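1. Give me coordinates for this.
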Amino acid sequence: MSSKDFASLPLSEDLIKNVASLGYEEMTEIQELSLPAILDGKDLIAQAKTGTGKTAAFGLGVLSKLVLDDYRIQVLILCPTRELCEQVSKAIRDLARMMPNIKLLSLGGGMPFRPQMKSVAHGAHIVVGTPGRILKHLNKSSLSLDHVRTLVLDEADRMLDMGFQDEIDAIIDQTNKQRQTLLFSATYPKKIATIAKRVMKDPLRIELDSQVHEESTIEQHFYKVTSESQRLLGLQLLLDKFKSESAVVFCNTKQEAKDICKDLSKVGFSTLALHGDLEQKDRQENLVRFANKSVAVLVATDVAARGLDIDSIDLVINYHISRDFEVHVHRIGRTGRAGKNGIACSLHSQKEAHKISLLQEFLGQEIESETLPDRSVLKELKYRPQMSCLKILFGKKQKLRAGNLLGALTGEKGLKGDQVGKMHIFDYYSYVAIERQSVNHALKILRDDKWKGRAYKCMLIR
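-> Residues are numbered from 1 along each chain as shown. Next comes the predicted model:
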């Protein structure tokens with residue numbers, strides 16, 4: 001049996017079967033190196049970039065050690081953003097779907113507090129949360145961490161960058177001192193080393209190359225601009241040249257993200273923004289639409305894009321060079337994931353020449369600036385996504401599942417399976433991507449159908 005085979009680990013038969021059903025053929029490097037230590041109860045520091053399989057590593061580890069008839073919180077997972085909390089929660093629920101009665105709560109900030117209090121009062125095996133919201137629950141005495149057996153700090157460097165040092169310290173002080181601590185980070189700055197020394201017991205340290213992707217995976221391009229107006233034109237030229245199904249444009253400020261999104265929309269690009277001023281429901285909807293390919297371009301700030309975990313991003317464009325070169329690596333690492341090829345483009349001016357020089361040194365490679373594509377690549381009709389997005393006002397609370405929705409859409413005289421894209425089911429509403437040419441047919445199918453005796457309420461999101 002190969003050392004990369006999940007069956008070589010002391011995991012339950014249900015977990016091994018489910019891993020296979022999810023399409024995990026063999027362990028990634030981070031899983032192969034970390035899972036034996038996690039299952040053995042050791043503390044762990046794992047330095048690895050996003051997309052290496054770290055969530056499945058700690059997810060399988062914590063699930064394998066749960067005491068299912070004990071509904072006191074046994075596992076606490078801290079994440080920097082609400083979006084990453086939701087993604088980690090979904091990943092662990094997927095891993096646990098063959099295990100009976102697993103209760104997991106996602107306690108992200110920006111969500112109503114009282115419903116979370118009620119959910120916590122009913123008990124849970126696993127809590128996934130942001131530092132600010134977890135600390136609020138602790139201060140309100142709605143949450144106890146006395147029985148936590150495993151504490152996971154996911155994207156620890158990002159949490160510290162975002163100013164969560166005090167919250168993390170306060171939370172750790174209230175956890176069971178006999179716990180196992182697992183720390184995952186893309187980088188290993190001094191602050192991380194300080195935390196590790198203070199709160200971990202003889203941790204195993206695993207370091208995967210986190211600074212650069214293989215050259216065959218990400219193709220980097222740098223383009224020099226002479227003015228801010230040419231920078232915006234350059235962005236349009238690059239989007240038109242590469243015509244990616246999924247492109248992320250990174251900005252350094254919220255206002256810049258808003259302005260660029262508006263400017264791109266005016267000239268016909270399918271664009272949405274992701275920044276800190278958006279309400280949670282709007283952030284969530286924008287992320288869903290980008291993930292299901294009903295919008296082609298996402299204009300985002302770094303903080304808002306934390307936890308953006310979408311495997312099929314083909315193109316990343318840095319509107320300005322990031323102030324932090326580790327952030328530059330994190331940005332371009334959104335593309336070229338899971339062995340796929342990706343393209344990363346960066347726009348820079350003469351004023352940013354010093355940044356280019358320092359970035360060369362940081363990356364350990366020479367940067368050669370290229371000429372922007374000719375204006376002739378600009379077309380009047382911009383690239384439009386192949387999918388549209390429907391919003392249905394039913395969700396988990398109405399017992400709607402993806403299988404039910406797919407069945408309704410593809411029944412007799414319905415759509416073909418390949419005309420239906422990704423589905424996202426939330427508590428009170430759901431989203432489904434539909435091939436653009438078939439969206440009116442899909443709307444008619446759902447409006448003529450019923451779910452549990454009630455007519456489907458659905459709309460096209462534009």
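2. make it CA atoms for all contacts and neighbour counts henceforth
-> Will do.
3. how close does E219 sit to H328?
-> Note on E219: its distance to H328, by C-alpha to C-alpha, to the nearest Å, is 14 Å.
4. just so I have it, where are all the strands in the stretch 251-400 of the chain?
-> Ranges of strands in the stretch 251-400 of the chain, per DSSP state E, counting those that start in this stretch, are 271-274, 297-301, 315-318, 342-348, 369-370, 387-392.
5. tell me which strands and helices the last one is in contact with?
-> Which is strand 387-392. strand 430-435, strand 458-461 (3 or more C-alpha pairs under 8 Å, 6 or more residues apart in numbering; DSSP states H and E).
6. most packed of those strands?
-> Sort those by mean neighbour count, taking mean count of other C-alpha atoms under 10 Å, and strand 430-435 sits at the top with a mean of 25.
7. who's in contact with that strand?
-> Around strand 430-435, the neighbours that count as contacts under C-alpha atoms under 8 Å, 6 or more residues apart in numbering are 288, 292-294, 386-395, 419-425, 442.
8. Any quick ChimeraX command for the buried ones out of those residues?
-> Selection of buried members from the contacts of strand 430-435 for ChimeraX, criterion 16 or more other C-alpha atoms under 10 Å:
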select :288,292,293,294,387,388,389,390,391,392,393,394,395,419,420,421,422,423,424,425,442
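9. So for the spatially closest residue to G336 that is not a sequence neighbour, what's the pLDDT?
-> For G336, ignoring the flanking residues on the chain, the nearest one in space by C-alpha to C-alpha, 6 or more residues apart in numbering is G342 at 4.1 Å. Turning to G342, the model gives it a pLDDT of 86.
10. Next, count neighbours for G342.
-> When neighbours are counted by other C-alpha atoms under 10 Å, G342 registers 22.
11. Correct me if wrong: it contacts H221.
-> No - contact criterion C-alpha atoms under 8 Å: G342 and H221 do not qualify, at 11.2 Å.
12. Shouldn't S144 be within a helix?
-> No - the assignment for S144, made by DSSP: H, G, I helix; E, B strand; the rest coil, is coil rather than a helix.
13. That one: what's it in contact with?
-> 73, 138.
14. Please report how far it lies from L138.
-> 7 Å.
15. Check A56 and give its pLDDT.
-> pLDDT at A56 comes out at 91.
16. which regions of this protein sit below the pLDDT cut-off?
-> Across the chain, the ranges flagged by pLDDT under 70 are 1-3, 50-51, 209-216, 303-312, 337-340, 377, 379-383.
17. one more time with 50, if that's ok
-> Applying pLDDT under 50 to the chain picks out residues 210-216.
18. Domain-wise, how is it divided?
-> 6-207, 218-377, 387-461 (automatic domain parsing).
19. returning to that earlier point: now distance to L372 too, for the helices and strands packed on strand 387-392, in TSV please.
-> Output for those, formatted as TSV (distance: least, C-alpha to C-alpha, whole Å):
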stretch	distance to L372
strand 430-435	33
strand 458-461	34
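20. do you know which of those lies nearest R401?
-> Nearest of the helices and strands packed on strand 387-392 to R401, taken as C-alpha to C-alpha: strand 430-435 at 9.2 Å.
21. all strands of the stretch 101-250 of the chain, in order?
-> 104-107, 126-129, 150-153, 180-185, 204-207, 218-224, 247-251.
22. how about CSV for these, with distance to R454 and mean neighbour count added?
-> Converted to CSV, the strands of the stretch 101-250 of the chain look like this (distance: least, C-alpha to C-alpha, whole Å; neighbours: other C-alpha atoms under 10 Å):
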stretch, distance to R454, mean neighbour count
strand 104-107, 29, 22
strand 126-129, 34, 25
strand 150-153, 42, 23
strand 180-185, 46, 24
strand 204-207, 53, 14
strand 218-224, 49, 19
strand 247-251, 38, 26
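23. any chance of those strands in CSV, plus distance to R375?
-> Below are the strands of the stretch 101-250 of the chain laid out as CSV (distance: least, C-alpha to C-alpha, whole Å):
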stretch, distance to R375
strand 104-107, 47
strand 126-129, 47
strand 150-153, 47
strand 180-185, 42
strand 204-207, 45
strand 218-224, 14
strand 247-251, 20
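24. With respect to G407, which of those strands lies nearest?
-> strand 104-107 (27.6 Å).
25. I'd like to know which elements that closest one is packed against.
-> Going by 3+ C-alpha pairs under 8 Å, 6+ apart, strand 104-107 lies up against helix 82-95, helix 113-121, strand 126-129.
26. could I get those as a markdown table with distance to T187?
-> Shown next, in a markdown table, are the helices and strands packed on strand 104-107 (distance: least, C-alpha to C-alpha, whole Å):
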| stretch | distance to T187 |
| --- | --- |
| helix 82-95 | 18 |
| helix 113-121 | 32 |
| strand 126-129 | 21 |
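27. Let me know which of the ones you listed is tucked in deepest.
-> It is strand 126-129: most buried of these by mean count of other C-alpha under 10 Å, with a mean of 25.
28. D202 is in contact with I45, isn't it?
-> No - taking contacts as C-alpha under 8 Å, D202 lies outside contact range of I45: 10.1 Å.
29. More neighbours: the two, which one.
-> Taking other C-alpha under 10 Å, D202 and I45 do not tie; I45 has more neighbours (22 against 11).
30. for that one, what are its contacts?
-> Per C-alpha under 8 Å, 6+ apart, neighbours of I45: 182-185, 196, 203-206.
31. same thing but 7 Å
-> 182-184, 203-206 (C-alpha atoms under 7 Å, 6 or more residues apart in numbering).
32. now swap in E245 and tell me
-> 293, 296, 385.
33. just R436 next, same as before
-> Taking C-alpha under 7 Å, 6+ apart, one finds 386-388 in contact with R436.
34. Between these, which sits nearest F58?
-> M387 (34.1 Å).
35. Hmm, that closest one is touching A291, no?
-> No - using C-alpha atoms under 7 Å, M387 is not in contact with A291; the gap is 10.9 Å.
36. thinking again about what came up before, out of the strands of the stretch 251-400 of the chain, which comes closest to D14?
-> strand 387-392 (33.2 Å).
37. which residues of the stretch 251-400 of the chain fall in helices?
-> For the stretch 251-400 of the chain, applying DSSP state H, counting those that start in this stretch gives helices covering 254-266, 280-291, 325-332, 353-363.
38. which element is D14 on?
-> helix 13-21 (DSSP states H and E).
39. What residues sit buried inside that helix?
-> Using 16+ other C-alpha under 10 Å, the residues of helix 13-21 that count as buried are 15-16, 18-19.
40. Report the next helix or strand after it in sequence order.
-> Next along from helix 13-21, by DSSP H and E: helix 29-39.
41. tell me what that next one is packed against?
-> Here helix 29-39 touches helix 54-63, going by 3 or more C-alpha pairs under 7 Å, 6 or more residues apart in numbering; DSSP states H and E.
42. Residues in contact with the helix it packs on: which ones?
-> 30-31, 34-35, 38-39, 88, 92.
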